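K.L.:
attaching a predicted model along with its sequence, questions to come.
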Amino acid sequence: MITCYLKYVIDPYKLAEFEHYAKLWIPLVNRLGGTHHGYFMPHEGANNIALALFTFPSLAEYEIYRGKMAKDPECLEAFAFAEKTRCIVSYERSFMRPVLE
């Protein structure tokens, strides 16, 4: 299992737009073979950092997802929404593996 950890720097004046973007992606990741664990919006502390976590059975499965995502009309619409609203300033993507026992 591999978990993708996304750390977003977002525009704090566009929280509603980013939350809309997040709600678009949760079902898309799930439909394309992953398990989305949600987005985490600023609450206390930094007002411009948001996180997302989603899991795939393997890095190879994640790469298959990336291929599907690049062609999927709904995914392309979600990307276009973020670009249009400019709610995302930047992001970092990391991959983590769980330690369960």
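P.N.:
Right, received. Where do you want to start?
K.L.:
what is the most centrally placed residue in the chain paired to in the beta sheet?
P.N.:
Centrality entry for the chain: nearest residue to the mean C-alpha point is residue 52, 5.0 Å, by CA atoms, centre = their mean. Residue 52 has these beta-bridge partners by DSSP bridges: residue 6, residue 39.
K.L.:
before we move on, what about residue 92?
P.N.:
residue 7.
K.L.:
okay, helices next: where are they in the protein?
P.N.:
Ranges of helices in the chain, per DSSP state H, are 15-31, 59-69, 73-85.
K.L.:
could you dump those helices to a markdown table with mean pLDDT and distance to residue 95?
P.N.:
Where you see a C-beta, it was placed from the backbone N, CA and C, and this is true even at glycine. Output for those, formatted as a markdown table (pLDDT from 0 to 100; distance: least, CB to CB, whole Å):
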| stretch | mean pLDDT | distance to residue 95 |
| --- | --- | --- |
| helix 15-31 | 97 | 14 |
| helix 59-69 | 95 | 7 |
| helix 73-85 | 97 | 19 |
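K.L.:
what's the burial count for residue 1?
P.N.:
13 (other CB atoms under 10 Å).
K.L.:
kindly report the same for residue 90.
P.N.:
8.
K.L.:
OK, contacts around the residue nearest to it when sequence neighbours are not counted?
P.N.:
In space, residue 90 comes closest to residue 9 once its chain neighbours are excluded; the distance is 4.7 Å by CB to CB, 6 or more residues apart in numbering. Taking CB atoms under 8 Å, 6 or more residues apart in numbering, we find residue 9 in contact with 48-49, 88-91.
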